[in-house]
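K.L.:
need coordinates for the below:
(4 chains)
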Number of protein chains: 2
Amino acid sequence: MPQRTGRNMTAPPSTARRADPGPREIVIVIDDDAMVRGATETLLRSVGFAVLTFERPQDALEADWPDVPGCIVLDIRLPQFSGLDLQRRLAESGTATPVIFMTGHGDIPMTVTAMKAGAVDFLTKPYRDQDLLDAVSRAIETDRNRRAEGAALAGLREAHAGLTQREREVLEGVARGLLNKQIAGELGLAEITVKLHRSSMMKKMGLRTVAELVRAADLLASAQTRV
Amino acid sequence: MPQRTGRNMTAPPSTARRADPGPREIVIVIDDDAMVRGATETLLRSVGFAVLTFERPQDALEADWPDVPGCIVLDIRLPQFSGLDLQRRLAESGTATPVIFMTGHGDIPMTVTAMKAGAVDFLTKPYRDQDLLDAVSRAIETDRNRRAEGAALAGLREAHAGLTQREREVLEGVARGLLNKQIAGELGLAEITVKLHRSSMMKKMGLRTVAELVRAADLLASAQTRV
DNA sequence: GGCGGGCCCATACCAACGTATGGCCGGGCG
DNA sequence: CGCCCGGCCATACGTTGGTATGGGCCCGCC
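P.N.:
Residues are numbered from 1 along each chain as shown, chains lettered A, B, ... in the order given. Here you go, the predicted model:
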């Protein structure tokens, strides 16, 4: 393989504005210590991860990363606001990228808070390189699964948004296992009208069987209530 | 309300062999320090929990607790084997009762291991009484939900076990959204035969709609793969 | 041997589903 | 204004689902 310009990023030489196809996997590293940032970046790059480093968590929040599987590695003690704050803010902004904490002087309550908030791992400095690599690999695998589910859900939500109100009502009735006749009764419609909405709804949602519809409706409902 | 014999357990004066209706909620306390056991038991009883205390984790494993919502509170450092071992053994034996750790001299890696293994909380001594009570309340609530789901699942599994092989095959086909005709083709049967198995299966499973069936089948399948 | 249960199939009938076609209404839009 | 679209309903027809009834086969158990 020929060498690229300078960095070992796997990006085409075309436009360099934004990460277009982007790297395959990315690790966001946040630490106020430049030495740590450099060492961590070197380590992660050596095994093929793309890396973005930030000194301050605010910078990481404002930057937009490539939309590929990844994870965040950060010290729990950081300038401005703590790693726990960042974790919370990320969750609030809908970013569910897995978070790995590392710290040299953390305490147990802090650890418990971080883990309960969904951190996938918590490393104590000094840690072995392999420990970080293992944790990052697991976290990225987690993110990959999360993204697969999220993509399916996003497609469903988009299709659901394209439904008319009536179609949504019929969808809900079918998912509850009601007969067309019963749905018609609830909505004050004729049975034939329900059939029409139902047929149109199934087309728009790309569903072909009641089984698919039930699963899709449950996915939408659970995502609704979780948020 | 008249006072009972001596203890403030809500048990009828009939047979005292085993906890028949049992207390409403139970907390298992495991600690090698008799003072801690006593103090913790007093605290928990004062707010209405039933409490069982054990000095050694082995005792807790061998004892059988009343089958009511509850949780386990234990020190992470214990004689014979550690709290982490106990947590693992409980999981292996199918007991998913929530675990709360408390410790005076734990370290972060230990905390991380415990949390990743599913501990619901991790208290550091000295803790405030209220912290323990809060953690216990949350854990019991978790257990209550887990039990509600488990009971529903157990009923499903029992019904599923009562099906014949053919009925299970038909169930699986219906859950995949296949037509009776298609199921018949896959199984090399006549369509009418599939209808008969299907009808019998729905009766045995206590299901009345395809929607219910799909959800039941998915629950069974997910529980299958998780174990 | 009889008896029950699982398994298989056939005929028959009704209910529910799905689709097509046509008609009516109201509102937004070029 | 005409047109389209969403919503509503009707008739009609073919498919699928659900149940009942009756029959046959095999096997284990009392």
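K.L.:
residue in chain A nearest to DNA strand D?
P.N.:
Closest residue of chain A to DNA strand D, C-beta to the nearest atom of the strand: A:Thr164 (3.0 Å). (Each C-beta comes from the backbone N, C-alpha and C, glycine too.)
K.L.:
all strands of chain A, in order?
P.N.:
Using DSSP state E, the strands of chain A run over A:26-30, A:50-54, A:70-75, A:99-103, A:121-124.
K.L.:
contacting residues around the helix or strand bottoming out on mean pLDDT in chain A?
P.N.:
Within chain A, no helix or strand scores below helix A:83-92, which has a mean of 78 by mean pLDDT, DSSP states H and E. Identification of contacts with helix A:83-92 by C-beta atoms under 8 Å, 6 or more residues apart in numbering or on different chains yields A:30, A:57, A:60-61, A:72, A:74-78, A:81, A:96-97, A:99, A:101, A:103, A:110, A:113-114, A:117-119.
K.L.:
select only the buried ones of those residues in ChimeraX?
P.N.:
A single ChimeraX command selects the buried members of the contacts of helix A:83-92 (16 or more other C-beta atoms under 10 Å in any protein chain shown):
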select /A:30,57,60,61,72,74,75,76,77,78,97,99,101,103,110,113,114,119
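K.L.:
near chain B too, which of the contacts of helix A:83-92?
P.N.:
Within the set of those, contact with chain B (C-beta under 8 Å from any C-beta of the partner chain) is found for A:Thr103.
K.L.:
leaving out chain neighbours, which residue sits closest to the residue nearest the centre of chain A?
P.N.:
By C-alpha atoms, centre = their mean, chain A has its centre lying nearest to A:Ala96, at 4.3 Å. Closest residue in space to A:Ala96, ignoring its immediate chain neighbours: A:Arg146 at 6.0 Å, by C-beta to C-beta, 6 or more residues apart in numbering or on different chains.
K.L.:
surely the one you found and A:Gly118 touch.
P.N.:
No. Using C-beta atoms under 8 Å, A:Arg146 is not in contact with A:Gly118; the gap is 11.1 Å.
K.L.:
pLDDT score assigned to the residue nearest to A:Ala96?
P.N.:
On pLDDT, A:Arg146 comes in at 92.
K.L.:
domain parsing for chain A?
P.N.:
A:26-146, A:162-226 (automatic domain parsing).
K.L.:
I'd like these laid out as JSON lines, including distance to B:Asp134.
P.N.:
Converted to JSON lines, the domains of chain A look like this (distance: least, C-beta to C-beta, whole Å):
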{"stretch": "domain A:26-146", "distance to B:Asp134": "13"}
{"stretch": "domain A:162-226", "distance to B:Asp134": "23"}
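K.L.:
of those domains, which shows the lowest average pLDDT?
P.N.:
For the domains of chain A, mean pLDDT drops lowest on domain A:26-146, to a mean of 88.
K.L.:
show me what counts as buried in the helix ranked longest in chain A.
P.N.:
As assigned by DSSP state H, the longest helix anywhere in chain A is helix A:129-161. Residues A:Leu132, A:Ala135, A:Val136, A:Ala139, A:Ile140, A:Thr142, A:Asp143, A:Arg147, A:Leu156, A:Ala159, A:His160 are the ones in helix A:129-161 that count as buried (16+ other C-beta under 10 Å).
K.L.:
and for stretch A:41-54?
P.N.:
Here stretch A:41-54 shows A:Glu41, A:Leu43, A:Leu44, A:Phe49, A:Ala50, A:Val51, A:Leu52, A:Thr53, A:Phe54 as buried, counting by 16+ other C-beta under 10 Å.
K.L.:
out of those, which are close to chain B?
P.N.:
Among the buried residues of stretch A:41-54, chain B is touched by none when using C-beta under 8 Å from any C-beta.
K.L.:
from these, which two are the most distant?
P.N.:
Using C-beta to C-beta, the pair of the buried residues of stretch A:41-54 lying farthest apart is A:Leu43 and A:Phe54, separated by 16.7 Å.
K.L.:
angles on the backbone of the residue of chain A closest to DNA strand D, please.
P.N.:
phi -80, psi 170 (degrees, to the nearest 10).
K.L.:
please report how far it lies from A:Arg208.
P.N.:
Distance from A:Thr164 to A:Arg208, counting by C-beta to C-beta, to the nearest Å: 20 Å.
K.L.:
could you do A:Leu123 as well?
P.N.:
In terms of C-beta to C-beta, A:Leu123 sits 47 Å off from A:Arg208.
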